[in-house]
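**Student:** fold the following and give me the result.
(one chain, ligands or ions: 2)
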Amino acid sequence: MTRCVALLGGSFDPVHHGHVALAALFAELLRPDELRILPALPWQKASLQAGERDRIRMLELAFAGESFDVVIDTREIDRGTPTYTVETLRGLRAELGDAASIVFLMGADQLQKLDTWRDWQELFALCNLAVAARPGYALDEDRLPPAVADQLARRLAAPGEVRAASHGKVCLARTLAVDISATQIRNALGKEPATGADQGTDLGALVPRGVLDYIQQHNLYKS
Ligand SMILES: Nc1ncnc2c1ncn2[C@@H]1O[C@H](COP(=O)(O)OP(=O)(O)OP(=O)(O)O)[C@@H](O)[C@H]1O
Ligand SMILES: O=C(O)c1ccc[n+]([C@@H]2O[C@H](COP(=O)([O-])O)[C@@H](O)[C@H]2O)c1
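**Tutor:** Ligands and ions are numbered 1, 2, ... in the order given. Model prediction:
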């Protein structure tokens, strides 16, 4: 069977239950041989709040208790320059070979702005995409930028076909419905009183326990 490597890139500032659910869903649907988490230095975001080592440590803690294995691949942080996914994929394709199925995972918010990514049309020559629904972001073709909708219409496939193809296919998972964002978590933590007792937001419902402990122990996201 074709070797399949799934990739989940992100800022993870901090990692939250939405990320873990997205990874778990595609771990189940695609059964990849490897699932790599790629913490990025995103060029479209002004600056991240947590440092690189903290983001990596939080990722390790977030996925530690899961039933599927992940590898935290720090190449984008190690590169030290703003992340362009197309560059990462060129490197991975050279390492993994032409036959491997490479699947880049994302939420619907990123599909909606895929046409703003560096050399986005080249992504389809390098990898497959697996996109999950996210509350507030439509997956419907008529709600996507026309050029993205056009690519989607031509490439739409079942998860099994994506797993078997080296590149060029897109599968959608419409069942995910986790209404969590890192922005919401940073905002809640920024407002939290010094005692650590959050007044309005149940942070435990948003962030894995080990990650929340780490955030509190290291005093992250205090404004
Ligand atoms: N709740 C969610 N449901 C589905 N996909 C998600 C969810 N949260 C994040 N993702 C996806 O995970 C990847 C990394 O997301 P990212 O680290 O930017 O988190 P975020 O919550 O969107 O962050 P921020 O609020 O800082 O923009 C992206 O592909 C994004 O679409
Ligand atoms: O390559 C690009 O131009 C590009 C533009 C926006 C986002 N991405 C990637 O998409 C992933 C999610 O990004 P973000 O901003 O939601 O954390 C992460 O791996 C980013 O490097 C990539």
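**Student:** now the protein against ligand 2: closest residue?
**Tutor:** In the chain, the residue found nearest to ligand 2 is G9; the distance is 2.1 Å by Cβ to the nearest ligand atom. Every residue, glycine included, has its C-beta placed from N, CA and C.
**Student:** I figured that residue hits V86, correct?
**Tutor:** No: the pair G9 and V86 does not pass the contact test of Cβ atoms under 8 Å, sitting 11.5 Å apart.
**Student:** more neighbours: these two, which one.
**Tutor:** Counted by other Cβ atoms under 10 Å, G9 and V86 do not tie: G9 has more neighbours, with 21 against 17.
**Student:** what helix or strand does that one sit in?
**Tutor:** Assessed by DSSP states H and E, G9 sits inside strand 4-10.
**Student:** is that strand up against ligand 1 anywhere?
**Tutor:** Yes: with Cβ under 6 Å from any ligand atom as the criterion, ligand 1 is reached by strand 4-10 at G10.
**Student:** what residues are up against V178?
**Tutor:** Taking Cβ atoms under 8 Å, 6 or more residues apart in numbering as the definition of contact, the neighbours of V178 are H17, G18, A21, L22, R134, P135.
**Student:** where do the strands sit along the protein?
**Tutor:** Taking DSSP state E as the criterion, the chain contains strands spanning 4-10, 34-39, 71-72, 101-107, 128-132, 170-173.
**Student:** so which residues on this protein come close to ligand 2?
**Tutor:** Counting by Cβ under 6 Å from any ligand atom, the residues of the chain close to ligand 2 are 9-11, 38, 40, 42, 44-45, 83-86, 110, 117-118.
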